[in-house]
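J.: when you get a sec, could you give me coordinates for this:
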Amino acid sequence: MPKPNNISDCITTHTLAQKEPFLDALKRRILLFDGAMGTEIQKLDPKPEDFPDGKDGFNDGLVLTHPEWIRQIHRSYLDAGADCIETNSFGSNRIKLDEYGFGNQTVEFNQEVAQLAAGVASGYTDRPRYVIGSMGPTGYLPSSDDPDLGQKPLDEICQAFELQARGLILGGVDALLIETSQDVLEIKLAVEACHNAAEATKTPTPIIANTTLDQHGKMLLGTSVQAAYTTVSGMGIDIFGLNCSTGPVEMVSSVKWLDEQEHGVLVVPNAGMPENQQGRAVYRMTPDEMAGAMEDLLQECGSIRIIGGCCGTGPGHIRALRRLIDEEPGRS
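T.: A predicted model of the protein is given here:
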């Protein structure tokens, strides 16, 4: 398949209809995020030649070579009832894009990814649909003393996130999502970067900060959810949450603690704990099982404003969560 010579050639513009601001919607109802992107991409069985320059595994780059795939995944979640879709930009900070040769086009790349998602969302007029700018980790652990992972300069990490956030904002996202965070210092740098990008683009943009906890409630380097929240809660974030790593059951104690704090809470678990099957992670929680577990959390924790699915979840899980929200008056 022919590949674009210049990423700017790919950029198209979309005008979104006026809609209720994202933060106003959060005050009125629980919003439903989409499910996993990577799982859905793997179902398409991509070959190395499907990726830009044949760089196998560059999932974010499929927006250039197979934009129709990404559009269809977005549509599948919107059709399932998601209020919000995440951009296919989890690994599109400057540091990660450098690995694939696109680092010097970080702003333009993220703008293109966001515009693609915004174009899909704008086709749904039944109710407001929001585009959330996904910002995953850099792969470094600035809090650690690791001779490799702990040595990346802090200003370089912050700049990597700022360029990404700037592109996502220019592409029309309704909020920025710092997700699957495993190092609290990196979360701080990412939040600072989001504020810098919003100021540079003169576009105030809501910020969601997530941590990823193990089944014992700790981040990779041992930070508790209490310490992580205390560290970033005063940095001008709008929502604090948990995503990935575990299923909803393992998140219960952490979510209950967050429910007592001042910020609204996001809960986006995997489809249960991963099981290793011939070297691959397998997630066995069914849509109905996941909805049942999430229902218990919603009944106990009134601060939850966003739910959705991470690894192992698909449109079926989102459809079940949509029913869960709609069945209870006041949630939707």
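J.: isn't Gly264 right up against Ala25?
T.: No. Look at Gly264 against Ala25 with Cβ atoms under 8 Å: they stay out of range, at 11.5 Å. In short, each C-beta sits where N, CA and C put it, glycine included.
J.: neighbour count: the two, which is higher?
T.: Neighbour count, other Cβ atoms under 10 Å: between Gly264 and Ala25, Gly264 has more, with 22 against 19.
J.: find the nearest non-adjacent residue to that one, please.
T.: Nearest residue to Gly264, sequence neighbours excluded (Cβ to Cβ, 6 or more residues apart in numbering): Arg305, at 3.8 Å.
J.: partner strands of the helix or strand containing that neighbour, with direction?
T.: Assigned by DSSP states H and E, Arg305 belongs to strand 304-307. Looking at strand 304-307 with DSSP bridges, its paired strands and their directions are strand 31-32 (parallel), strand 264-268 (parallel).
J.: tell me the average confidence for the longest one?
T.: If you average the pLDDT over strand 264-268, you get 98.
J.: can you name the element that comes right after that strand?
T.: strand 275-277.
J.: would you turn the strands paired with strand 304-307 into JSON lines with distance to Glu179?
T.: What follows is the strands paired with strand 304-307, written out as JSON lines (distance: least, Cβ to Cβ, whole Å):
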{"stretch": "strand 31-32", "distance to Glu179": "15"}
{"stretch": "strand 264-268", "distance to Glu179": "8"}
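J.: just the pLDDT for Gln277.
T.: Gln277 is assigned a pLDDT of 89 by the prediction.
J.: and Tyr283, by the same measure?
T.: At Tyr283, pLDDT is 94.
J.: what sits against it?
T.: By Cβ atoms under 8 Å, 6 or more residues apart in numbering, the residues touching Tyr283 are Gly247, Asn270, Ala271, Gly272, Met273, Pro274, Glu275, Cys311, Gly312, Thr313.
J.: just the closest of the residues you listed to Val107, please.
T.: Cys311 (28.3 Å; Cβ to Cβ).
J.: the closest one reaches Cys244, doesn't it?
T.: Yes. Counting by Cβ under 8 Å, Cys311 touches Cys244, with 6.1 Å between them.
J.: quick check: neighbours shared by those two?
T.: Asn270.
J.: of these two, which one has the most company?
T.: Cys311 (23 against 19).
J.: and the more buried one, how far from Phe90?
T.: Separation of Cys311 from Phe90 (Cβ to Cβ, to the nearest Å): 11 Å.
J.: so what's in contact with those two at the same time?
T.: Residues touching both Cys311 and Phe90 (Cβ under 8 Å, 6+ apart): Gly38.
J.: okay, now the unreliable bits of the stretch 1-150 of the chain?
T.: Counting by pLDDT under 70, the ranges of the stretch 1-150 of the chain that qualify are 1-17.
J.: ranges for the strands of it?
T.: Using DSSP state E, counting those that start in this stretch, the strands of the stretch 1-150 of the chain run over residues 31-32, 84-86, 130-135.
J.: what's the most buried one of the ones you listed?
T.: Of all the strands of the stretch 1-150 of the chain, strand 130-135 carries the top mean neighbour count, a mean of 28, counting by mean count of other Cβ atoms under 10 Å.
J.: can you count the residues close to Gly38?
T.: Residues near Gly38, counting by other Cβ under 10 Å, number 15.
J.: so what's it up against?
T.: Taking Cβ under 8 Å, 6+ apart, one finds Asn59, Phe90, Cys311 in contact with Gly38.
J.: what's the spacing between the first one and Val107?
T.: Just to be clear, that refers to Asn59. Using Cβ to Cβ, we find Asn59 at a distance of 19 Å from Val107.
J.: and Gly57, by the same measure?
T.: Applying Cβ to Cβ, the value for Gly57 to Val107 is 23 Å.
J.: more neighbours: which of these two?
T.: The neighbour comparison of Gly57 against Val107 (other Cβ under 10 Å) goes to Val107, with 22 against 14.
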